[in-house]
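>>> Need coordinates for the below:
(one chain, ligands or ions: 2)
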Amino acid sequence: MFVSHTREVANIALAIRTEHLTKIYDVGWGRQNVGIDNLTLEVEEGQIFGLVGPNGSGKTTTLKLLLGLIFPTSGNAEVLGMSLDSAAYKSRIGYLPEGPYFYEHLNAPELLRMYGSLFGLRGPDFEKRIQELLELVDMWDRREYRVANYSRGMRQRVGVAQALINEPDLLFFDEPTAGLDPIGAKHIREVILELRERGKTVFLCSHLLKEMEPICDNIAILERGKLITRGSVDELLAGDVTQYRVEARDLDDEIIEQLGDGVAEIIRLDDSCRILFDSREDAFEAATRLEDAGAYLMTVGPDRRTLEEVFIDAVGEEPKDASSVQGS
Ligand SMILES: Nc1ncnc2c1ncn2[C@@H]1O[C@H](COP(=O)(O)OP(=O)(O)OP(=O)(O)O)[C@@H](O)[C@H]1O
Ligand SMILES: [Mg+2]
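Ligands and ions are numbered 1, 2, ... in the order given. Here you go, the predicted structure:
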């Protein structure tokens, strides 16, 4: 079925493969919405893979296709080596939907018992697993709270525990940090990293490029249903680094002026200043001088791009939904 791809990925185990996957929604009166258009990608086992893009770019559509919740208009996909119409892979995956909904009157252990029963799980070993999962998501101490009284962060945490109930090999998380405060979002990211440590593959959808950057191994960027670029985060962000950056706070114009000819560009940010240099030596020398003059150094090193810059380069314009892509 996927003959052309086996060559490229000879010795790498793939958790997901899609080939020309397309979903067109019929919305009546002869009108159609493009969900995802001709998507071909591979996700290696044991990785954190990020599918990113602005609102309406096709992330949830892709995820629902891979979960077998909706059916492709054309194209193929394999999950854990099985085709989408196979029931067998469903017991080996976990899913955290966008804004999960749970029965309001249950507490966390009751809720996990209910989901466990769908997989035929019960007994003392399962009770131990419930405790482990609730500890992992930092909800064990709050296990008596009812869902009705949960904060958004608590819902997401319990949602992650629910997705892990059947010890899946592959996890699908749709906007796992949406609506969380920075500490709540950080905790969910730590849990995701912990899952990779445990050998799981995590497929993440998010429009928050800044949040995906530090945790994903590989990323695919979607825009209006189309794949616009993909690759390892390191490759995408490194691009072709030709400059070095020094970023610092608490520095006045006079100090910057004294840095001399080596300075290629000065970019003033909200509460800091980024100074670009063509040579590595100039950058490090300037960093020392700035620090000696009392500035607070934030970064010194290659001028890596941000995912947002990669996005803008690839699409040739600001993301349509720029505010959300910037991580608001
Ligand atoms: N059930 C549906 N019926 C018709 N059109 C749909 C349906 N679901 C999604 N679409 C359309 O498909 C496109 C992709 O939507 P999708 O929900 O996959 O985007 P997304 O990237 O997950 O967006 P968000 O960041 O807002 O969650 C959009 O144009 C959307 O309007
Ligand atoms: Mg979505």
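
>>> Could you use CA atoms for every contact and neighbour count after this?
Will do.

>>> Residue 139 contacts residue 154, doesn't it?
Yes: judged on C-alpha atoms under 8 Å, residue 139 makes contact with residue 154 at a distance of 7.5 Å.

>>> what number of residues lie near the residue in the stretch 201-328 of the chain positioned nearest to ligand 1?
Nearest to ligand 1 in the stretch 201-328 of the chain, going by C-alpha to the nearest ligand atom, is residue 207, at a distance of 5.6 Å. Using other C-alpha atoms under 10 Å, residue 207 has 28 other residues around it.

>>> same deal with residue 262?
So residue 262, with other C-alpha under 10 Å, has 17 neighbours.

>>> on that earlier part again, for the residue of the stretch 201-328 of the chain closest to ligand 1, grab phi and psi.
Phi and psi for residue 207, reported as degrees, to the nearest 10, are phi -100, psi 0.

>>> That one touches residue 50, doesn't it?
No: contact criterion C-alpha under 8 Å: residue 207 and residue 50 do not qualify, at 9.8 Å.

>>> Give the buried residues for the lengthiest helix in the chain.
Longest helix of the chain, by residue count under DSSP state H: helix 182-197. In terms of neighbour count (16 or more other C-alpha atoms under 10 Å), helix 182-197 has its buried residues at 184, 185, 187, 188, 189, 191, 192, 193, 195, 196.

>>> which residues do residue 139 and residue 154 both contact?
Counting by C-alpha atoms under 8 Å, 6 or more residues apart in numbering, residue 139 and residue 154 have no contacts in common.

>>> show me where the stretch 201-328 of the chain has helices.
Under the criterion DSSP state H, counting those that start in this stretch, the stretch 201-328 of the chain contains helices at 209-212, 233-238, 253-257, 280-292, 307-315, 322-325.

>>> on contacts alone, who are the packing partners of the fourth one?
Same thing as helix 280-292. Other helices and strands packing on helix 280-292, by 3 or more C-alpha pairs under 8 Å, 6 or more residues apart in numbering; DSSP states H and E, are strand 244-249, strand 296-302.

>>> in that helix, what counts as buried?
Applying 16+ other C-alpha under 10 Å to helix 280-292 flags 280, 282, 283, 284, 286, 287, 289, 290 as buried.

>>> Mind splitting this structure into its structural domains?
What automatic domain parsing lists as the domains of the chain is 3-236, 242-302.

>>> where in the stretch 1-150 of the chain is pLDDT low?
1-11 (pLDDT under 70).

>>> Show me what from it comes close to ligand 1.
Applying C-alpha under 6 Å from any ligand atom, we find that the stretch 1-150 of the chain lies next to ligand 1 at 25, 27, 33-35, 54-61.

>>> if we go to 8 Å?
24-27, 32-36, 52-62, 98 (C-alpha under 8 Å from any ligand atom).

>>> The stretch 201-328 of the chain now?
Residues of the stretch 201-328 of the chain lying near ligand 1 (C-alpha under 8 Å from any ligand atom): 205, 206, 207, 222, 224, 225.

>>> Lowest-confidence one in the residues you listed?
By pLDDT, residue 207 ranks lowest within these, coming in at 85.

>>> Could I get the CA-only coordinates of stretch 197-213 as PDB?
Extracted in PDB, the C-alpha atoms of stretch 197-213 (Å, rounded to 0.1, in the frame of the first residue of the first chain):
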ATOM      1  CA  GLU A 197      10.500   9.000  28.600                       C
ATOM      2  CA  ARG A 198       8.200   6.000  29.100                       C
ATOM      3  CA  GLY A 199       8.500   5.200  25.400                       C
ATOM      4  CA  LYS A 200       5.100   6.400  24.300                       C
ATOM      5  CA  THR A 201       4.500   8.300  21.000                       C
ATOM      6  CA  VAL A 202       2.600  11.500  21.500                       C
ATOM      7  CA  PHE A 203       0.800  13.200  18.600                       C
ATOM      8  CA  LEU A 204      -0.100  16.800  19.700                       C
ATOM      9  CA  CYS A 205      -2.300  19.300  17.900                       C
ATOM     10  CA  SER A 206      -1.900  22.900  18.900                       C
ATOM     11  CA  HIS A 207      -2.100  26.400  17.500                       C
ATOM     12  CA  LEU A 208       0.300  27.600  20.200                       C
ATOM     13  CA  LEU A 209       3.600  27.500  18.300                       C
ATOM     14  CA  LYS A 210       5.600  28.800  21.200                       C
ATOM     15  CA  GLU A 211       4.400  26.000  23.500                       C
ATOM     16  CA  MET A 212       5.200  23.300  20.900                       C
ATOM     17  CA  GLU A 213       8.700  24.500  20.100                       C
END
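
>>> wait, which of the helices and strands packed on helix 280-292 is closest to residue 18?
strand 296-302 (34.5 Å; C-alpha to C-alpha).

>>> What lies in contact with that closest one?
By C-alpha under 8 Å, 6+ apart, strand 296-302 touches 241-251, 280, 283-284, 287, 290-291.
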